[in-house]
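3D, please:
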Amino acid sequence: MTTVTFDTHKFVTTKDSLQESDLVTNQHLSLELERTKSDMIKWVAGLLLAQAALIAALVKIL
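I've put the predicted structure just below:
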């Protein structure tokens with residue numbers, strides 16, 4: 001039977017060092033989410049206009 005050793009001290013020190021850089025990560029994530037949200041709004045608005053133009057053209061043809 002094999003056993004696995006787990007170094008809890010190393011885990012805790014690694015976890016603590018990651019928390020210091022976590023603020024930068026959260027700020028970067030927040031900024032990226034804002035950019036993505038604005039890009040999505042632009043795409044949805046453009047597709048809405050294209051769909052309305054397509055429907056108007058189809059109504060005119062039929």
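
what ranges do the strands span in this protein?
Counting by DSSP state E, the chain has no strands to list.

tell me the centre residue of it?
Closest residue to the average C-alpha location of the chain: Leu33 at 5.4 Å, with C-alpha atoms, centre = their mean.

number of residues surrounding Val44?
The tally of other residues near Val44 (other C-beta atoms under 10 Å) stands at 10. All C-beta spots, glycine's among them, are computed from the backbone N, C-alpha and C.

my bad, Val59
With other C-beta under 10 Å as criterion, Val59 counts 8.

distance of it from Thr3?
74 Å (C-beta to C-beta, to the nearest Å).

now swap in Met40 and tell me
From Met40 to Thr3 the distance is 50 Å (C-beta to C-beta).

who has more neighbours out of these two?
Neighbour totals were compared for Met40 and Thr3, and Met40 leads with 10 against 5 (other C-beta under 10 Å).

what's the separation between that one and Gln27?
Taken as C-beta to C-beta, the span from Met40 to Gln27 is 21 Å.

what pLDDT does Phe6 get?
The pLDDT attached to Phe6 in the predicted structure is 76.

same question for Leu23.
Leu23 is given a pLDDT of 62.

any chance you could map the helices in the chain?
Counting by DSSP state H, the chain has helices at residues 8-61.

with that, I have no additional questions.
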